[in-house]
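Participant: Predicted model, plus sequence, below.
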Protein chains: 2
Amino acid sequence: MSRITLKELAFELGLSISTVSKALNDNFEISEITKNRVKEAASLLNYKPNLVAKSLKTGYNNTIAIIVPYFGNPFQSQVLEGAHQAAYERNYKLVFMQSRENAKLEQESLKTLNQQNVDGVIITPSANSNLKYLKQFHQICPLVLVDRIDFDLPTFKIGVNSEKGSYDATQHLINSGRRNILVLCGMNIGINQKRISGYNKALMANFIPFNKENIIQVDYGQSREDLIKNLTQILKNKLNQNSGPMGILGTTDTLTVSCLGILSNLGIRVPEQVSVIGFANTEAAESLNPSLSTIIQPAFEIGQKGVEKLIQLIESKDRFKMDFDTTILDTFIVARNSTKV
Amino acid sequence: MSRITLKELAFELGLSISTVSKALNDNFEISEITKNRVKEAASLLNYKPNLVAKSLKTGYNNTIAIIVPYFGNPFQSQVLEGAHQAAYERNYKLVFMQSRENAKLEQESLKTLNQQNVDGVIITPSANSNLKYLKQFHQICPLVLVDRIDFDLPTFKIGVNSEKGSYDATQHLINSGRRNILVLCGMNIGINQKRISGYNKALMANFIPFNKENIIQVDYGQSREDLIKNLTQILKNKLNQNSGPMGILGTTDTLTVSCLGILSNLGIRVPEQVSVIGFANTEAAESLNPSLSTIIQPAFEIGQKGVEKLIQLIESKDRFKMDFDTTILDTFIVARNSTKV
DNA sequence: TTGTAAGCGTTATCAC
DNA sequence: GTGATAACGCTTACAA
């Protein structure tokens, strides 16, 4: 890879290795004159430091890792983009790992990363993640939590104001004249609790009684076909029971997009009969029919901030005595045709 | 990170460092007895080799990188998944980079990776990639091409049989009774030529005259809103001109999905009036309305194979004298409602 | 079969 | 201000 070494550079300049090294690192011991001479020669000879050697010496690898459940998930891929950009700007290598919502795979990945001497890890824990293991890992390697931050771990956390997001979305549905609002929930993770709670509060604020039958829990472990079949059945029942304009709030993009397709198959007109809004970061929302109103999470920023905080942690003197803060970012609504009045 | 070193392990065992190193590496010089003793102690003391030190010594970093235009693109994120899995299985670190279809950013990324001493790079070149630079880079660092492989570079390439894919798709439309078929094209990259050519051949095979007005080139550089506006106009014109059942073949998922939304806005019924099929790896296809028939590319496999080939290249004795082969994988069609007869 | 020692390319401590 | 020199943890001739 990199051809020329410090040794060769020093030889060319007629200086010692240590002088050259110091000069390149702007050490105060070296005269400006020599510094300039060295730097010029370095760029002329296209000298590139060997980061591996540096790493061996310093103990730092200049590599961080990020673990998310699925690369392909639109929200998560945007988190990756943000993390990539921040890492790239700071000249850190970024290694990606995928846990597939599988705690075992997640643990293995962490072990691998640790063995590979990464300097730190950003993680969106899988749905059934093992807190004890995370804690243990955090003892030996800096860890930062993003997105799913309801874990009792003393570290930096970057998350989203889910409660407010779903409060706003519910209010948006109410504003469009719906008082009978279903919530489609996926996996039972902390975030969903928050989303339901935001929904509740919005109902309360509008004096709408809460009906627990309106919370629809959909098993996420099933195949796509089963999911759709299942959801079709549930929606059909729900819609038969009730009359008058309804609203649906989807808590994941998969569920919300599927829901839109199903409503259309059932011949239900959106937004005339049912108004739909969902948490979704997919670009496809614009192209759906009708275009889907969405609550957008600042995914890119989450990834970015995650890297920043992680690097801060890595470069700190004592990472066990830090002032850990939790960053909560706001969602925003993009109203499209699926909630048009 | 890793606590215990070879030295300490050797001390515990009362052996020399080199004996322990050899034993762990299954060197033939060491007796079975010692090997077992060493390995047992190693696992007992939870010895983990310092890969950085190893790297400095061997010159290999156990790290490869993959550069794609966009992480968020469904096809590309599946490529990443495949690459990740293959790298993970072989205990290679995988670094991701995003070029945003920007040749300059791509070059910078390559430079960064080179400076970071990665052992090799898998790349889907950006639309306007600089072949000369790629060639130059390939001289100093193993490079493997995936997806966009129409570059005159002596290396392994993994691609897709785009011609056959669009031939099949066109035939599928013809089978569903369409003889008047539009093609929506995005950027002008090699792959699009192949797709158009496959389309042509299918027309010929069915004695349908080629009409160059049916090839619709859509500028990709524009914003989403512009794209949709533009596409709406084009489709409206096209559909006004012609009568009888039509077909549309989309060469990218973005275009195809947008197209579906636009047709619906125009009040055109799919598949009754217009039958639509497109290259698309997005899971949303199933949930669209109508569900979208797609030509699926084996993205995961592309990523996997890319890593395999790259590692083969890295671990070869003389990487300039290899028998470079090009792997062409087949697409397959998933017929859904948008092309229903 | 095992041990000694050099060296990978840096950084850092201490003389000069 | 500059230069020897000793690490960092490992692999690998070569010596014993």
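Facilitator: Nice, thanks for sending it over.
Participant: can you pull up the bridge partners for A:V334?
Facilitator: A:T294 (DSSP bridges).
Participant: residue ranges for the strands of chain A, please.
Facilitator: For chain A, the strands defined by DSSP state E cover A:63-68, A:93-98, A:120-123, A:143-146, A:157-160, A:180-185, A:215-217, A:246-250, A:274-279, A:293-296, A:326-329, A:332-334.
Participant: any low-confidence regions in chain A?
Facilitator: A:1-2, A:188, A:220-224, A:242-243 (pLDDT under 70).
Participant: Can you give me the domain assignment for it?
Facilitator: Taking automatic domain parsing as the reference, chain A has its domains at A:6-48, A:56-159+A:299-329, A:162-298+A:332-339.
Participant: Redo those as TSV? Include mean neighbour count and distance to DNA strand D.
Facilitator: C-beta here means a position set from N, CA and C on the backbone, and glycine is covered the same way. As requested, the domains of chain A are arranged in TSV below (neighbours: other CB atoms under 10 Å in any protein chain shown; distance: least, CB to the nearest atom of the strand, whole Å):
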stretch	mean neighbour count	distance to DNA strand D
domain A:6-48	15	3
domain A:56-159+A:299-329	20	4
domain A:162-298+A:332-339	19	39
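Participant: and DNA strand C, which of those is closest to it?
Facilitator: Nearest to DNA strand C among the domains of chain A is domain A:6-48 (2.9 Å), distances taken as CB to the nearest atom of the strand.
Participant: Could you see whether chain B lies near that closest one?
Facilitator: Yes: residues of domain A:6-48 are located near chain B by CB under 8 Å from any CB of the partner chain, namely A:K48.
Participant: So what would you say the end-to-end distance of that domain is?
Facilitator: Domain A:6-48 has an end-to-end distance of 9 Å (criterion: CA to CA, to the nearest Å).
Participant: got TSV for the domains of chain A, with distance to B:N36 too?
Facilitator: Formatted as TSV, those follow (distance: least, CB to CB, whole Å):
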stretch	distance to B:N36
domain A:6-48	41
domain A:56-159+A:299-329	22
domain A:162-298+A:332-339	43
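Participant: among these, which is nearest B:P271?
Facilitator: Smallest distance to B:P271 across the domains of chain A (CB to CB): 14.0 Å, for domain A:162-298+A:332-339.
Participant: next one: the closest one to chain centre, how far?
Facilitator: On the basis of CA atoms, centre = their mean, to the nearest Å, domain A:162-298+A:332-339 sits 22 Å off its chain's mean C-alpha point.
Participant: show me what contacts the closest residue to A:K340 other than its chain neighbours?
Facilitator: Using CB to CB, 6 or more residues apart in numbering or on different chains and skipping the chain neighbours, the partner closest in space to A:K340 is A:P271 (5.1 Å). By CB atoms under 8 Å, 6 or more residues apart in numbering or on different chains, the contact set of A:P271 is A:S176, A:P290, A:N337, A:S338, A:T339, A:K340, A:V341.
Participant: Give me the distance between A:P271 and chain B.
Facilitator: Using CB to the nearest CB, to the nearest Å, we find A:P271 at a distance of 14 Å from chain B.
Participant: same check, this time on A:N192
Facilitator: For A:N192, the distance to chain B - CB to the nearest CB - is 20 Å.
Participant: Looking at chain A, which helix is longest?
Facilitator: Determined from DSSP state H, the single longest helix within chain A is helix A:224-241.
Participant: got the contact list for that helix?
Facilitator: With CB under 8 Å, 6+ apart as the test, helix A:224-241 has contacts from A:182, A:184, A:216, A:218-220, A:222, A:246, A:254-255, A:258-259, A:261-263, A:265-266, A:268, A:274, B:283, B:286-287.
Participant: cool, and stretch A:329-341?
Facilitator: Residues outside stretch A:329-341 that contact it (CB under 8 Å, 6+ apart) are A:158-162, A:164-165, A:168-169, A:172-173, A:176-177, A:247, A:260, A:270-271, A:275-277, A:279, A:285-286, A:288, A:290-298, A:301-302, A:305.
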